[in-house]
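**Q** coords please:
(one chain, ligands or ions: 1)
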Amino acid sequence: MDLSACVDRLRSGAAHEFPADASSVAFARHMDSQDKLRHLRDEFVLPSKASLKKRALDGTMPEQAAVVNGVNGDKAEPTSDGDDASSQQSLYFVGNSLGAQPKAVREYINAHLETWASIGVNGHFTDMANSPLTQWQDLAEDCAKRSADIVGSAPHEIVIMNTLTVNLHLMMASFYRPTAERHKIILEWKPFPSDHYAVESQVLWHGLDPRKSMVKIEPDGGGALITTDKILRTIDEHADETALLLLPGIQYYSGQLFDMPRITAHAKARGIVVGWDLAHAAGNVELRLHDWDVDFACWCTYKYINAGPGAIAGAFVHEKHGRVEWAAGADRPTYRPRLMGWYGGDKSVRFDMDNRFVPTPGAAGYQASNPSAVDLASLSGALSVFGKTSMRDLRSKALVLTAYAEHLLNQMLAETAGDGQPPLFTIITPADPLQRGTQLSVLLRAGLLDRVARALEDNGVLCDKRKPDVIRVAPVPLYTRFEDVWRFMQVLRGALGL
Ligand SMILES: *Cc1c(COP(=O)(O)O)cnc(C)c1O
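**A** Below you'll find the model as predicted:
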């Protein structure tokens, strides 16, 4: 099967038929051999089955580099699927929750530690030769530059600061300006709880009633999916009273990818401010925030961007909201109101230590505090991996990897159809490749989750479980092989008695 022809079909929104031999490991390896991005796996340290059992540090990192080169790099083709090197590897399918560790993160953090130890406070304003990092003062801006292609914006429309929920609050402080007429926030019925709390508390903070000012879009039928139609209708219904629309680019539970350009245009045409939570979309799907005319967006960097647990987050502010304008003769500029702090102040006057705030033009003017350099070093290392590829190529591979996972899942259903039992599981993520990212959410038949979770753990598979009955499977294209998808499904088959 030709991988690039498959990409083309999936990109056009067409279904893809896998050949009859697609359930063999040989097929999976054949796909891997055509994968132009397979070398990127070598940029990561993935847990091994042995390292997953660690309960005490011993100064070692999981063994794998040589093994991965062998399997990945056209050299030693394993002949059996039993006792080869691959079987010692864990299967990392949880990059939608915490991305795997890029090797560059260790290198960049070490560079930071050497700088700090060697020159102390001067690291703020000194560019060190041989360092992958800029001086600390410029690190956030450097990370913004490296993030621009990931979200489809100009570098000055991105600010790297704080963490996701905090940034949602800072953005709403500037973009949610309720009036007696327009006071509603439209969100979805089951957002990630933190987003719900953030919206609810903003409404309360303005002295408003969440029952009147929060509009929650519910799916039309049963199930977890919300159609674009339903979203547009809800916008129309509340248009005159709505101040803000805040939705996830990809819904964390169902894996549904929303039609961001269409929804944004529809809401903006009705005078509504539009913000997107891109926690599950950034680093996963192709985004064009600037061209879509999004007002603001926020994302974390520890899921598909791999910067490490709780790492510093990103936010987008459209350039038209970041302007700093001086009227003739004025001693203060005009700019969009926000919650201010000294790091949002323009570098030319930041250290003047007077009390006249002059924001940095662009998104950077939304910073409040001096950002953590160790955090930025970690993010910078993680972003360096994205610099070796493009979101287009990552998305292309992801479309096929996910379709392959879906194909193997559907095969299990086909094998057990007509056995008089309810289906073993339902895939709740949309079957349309253009309405999902890499993640497939699999709703298991009631009562199966514990058994499946145990089998996954026993076989060195990392995968997210959501009680009561869902596993969320994310074959991340940066470090997942087709063979890994095949192996994952073998473990799942075993757990389901197939
Ligand atoms: C992961 C995630 C969060 C987490 O928020 P933090 O502030 O980073 O802890 C919030 N919202 C969504 C939609 C998420 O997916």
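**Q** Let me know how buried the residue in the stretch 201-350 of the chain positioned nearest to the ligand is, in neighbour terms.
**A** Nearest residue of the stretch 201-350 of the chain to the ligand: residue 279, at 3.2 Å (Cβ to the nearest ligand atom). The way it works is simple: take the backbone N, C-alpha and C, and place the C-beta from them, glycine included. A count of nearby residues for residue 279, using other Cβ atoms under 10 Å, gives 26.
**Q** What residues does it make contact with?
**A** 164, 192, 248, 252, 298-300, 303 (Cβ atoms under 8 Å, 6 or more residues apart in numbering).
**Q** what's around the nearest residue to residue 387 once chain neighbours are set aside, how many residues?
**A** Nearest non-adjacent residue to residue 387, counting by Cβ to Cβ, 6 or more residues apart in numbering: residue 146, 6.3 Å away. Neighbour count of residue 146, defined by other Cβ under 10 Å: 19.
**Q** circling back to that earlier point, and the ligand, which of the contacts of residue 279 reach it?
**A** 164, 192, 248, 252, 300 (Cβ under 6 Å from any ligand atom).
**Q** who's in contact with the residue nearest to the first one when sequence neighbours are not counted?
**A** On the basis of Cβ to Cβ, 6+ apart, the spatially nearest residue to residue 164 that is not a chain neighbour turns out to be residue 300, at 4.2 Å. Remark: with contacts taken as Cβ under 8 Å, 6+ apart, residue 300 is in contact with 163-164, 279, 282, 311, 313-314.
**Q** Ok, residue 163 next?
**A** Shown in contact with residue 163 (Cβ under 8 Å, 6+ apart): 300, 310, 312-313.
**Q** Try it again at 7 Å.
**A** Shown in contact with residue 163 (Cβ atoms under 7 Å, 6 or more residues apart in numbering): 300, 310, 313.
**Q** Widest-spaced pair of the contacts of residue 279?
**A** Pairwise distances across those (Cβ to Cβ) peak at 13.7 Å, for the pair 252 and 298.
**Q** re the thing from before, which members of the contacts of residue 163 occur in strands, if any?
**A** Residues of the contacts of residue 163 located in strands (DSSP state E): none.
**Q** Take those and lay them out in a markdown table including pLDDT.
**A** What follows is the contacts of residue 163, written out as a markdown table (pLDDT from 0 to 100):
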| residue | pLDDT |
| --- | --- |
| 300 | 98 |
| 310 | 98 |
| 313 | 98 |
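**Q** Got phi/psi on the closest residue to the ligand within the stretch 1-150 of the chain?
**A** Nearest residue of the stretch 1-150 of the chain to the ligand: residue 97, at 7.7 Å (Cβ to the nearest ligand atom). Dihedral pair for residue 97: phi -110, psi -50, per degrees, to the nearest 10.
**Q** Which pLDDT does the model give it?
**A** Note for residue 97: predicted pLDDT of 98.
**Q** Contacts only, for the closest residue to it other than its chain neighbours.
**A** Counting by Cβ to Cβ, 6+ apart, residue 464 is the residue found nearest to residue 97 once chain neighbours are left out, at 5.0 Å. Counting by Cβ under 7 Å, 6+ apart, residue 464 makes contact with 94, 96-97, 471-472.
**Q** what does residue 198 give?
**A** By Cβ under 7 Å, 6+ apart, the contact list for residue 198 reads 165, 168-169, 172.
**Q** want to throw the residues you listed into JSON lines with neighbour count?
**A** Output for the contacts of residue 198, formatted as JSON lines (neighbours: other Cβ atoms under 10 Å):
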{"residue": "165", "neighbour count": "19"}
{"residue": "168", "neighbour count": "26"}
{"residue": "169", "neighbour count": "19"}
{"residue": "172", "neighbour count": "25"}
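**Q** And those, which is closest to the ligand?
**A** residue 165 (3.3 Å).
**Q** before we move on, the earlier item: go through the contacts of residue 300 and give me the one with the most neighbours.
**A** Neighbour counts for the contacts of residue 300 (other Cβ under 10 Å) peak at residue 314, which has 30 neighbours.
**Q** near the ligand, which residues of the stretch 201-350 of the chain show up?
**A** By Cβ under 6 Å from any ligand atom, the residues of the stretch 201-350 of the chain that approach the ligand are 248, 252, 277, 279-280, 300.
**Q** Let me see the mean pLDDT of stretch 33-42.
**A** On average, stretch 33-42 scores 97.
**Q** list the buried ones in it?
**A** 35, 37-38, 40-41 (16 or more other Cβ atoms under 10 Å).
**Q** hang on, the earlier thing: which residues touch the helix or strand harbouring the residue nearest to residue 387?
**A** Assessed by DSSP states H and E, residue 146 sits inside helix 136-151. Here helix 136-151 makes contact (Cβ under 7 Å, 6+ apart) with 123-125, 133-134, 154-155, 158-161, 278, 282-283, 287, 289, 297, 314, 316, 364, 371, 373, 376, 379-380, 383, 386-387, 390-391.
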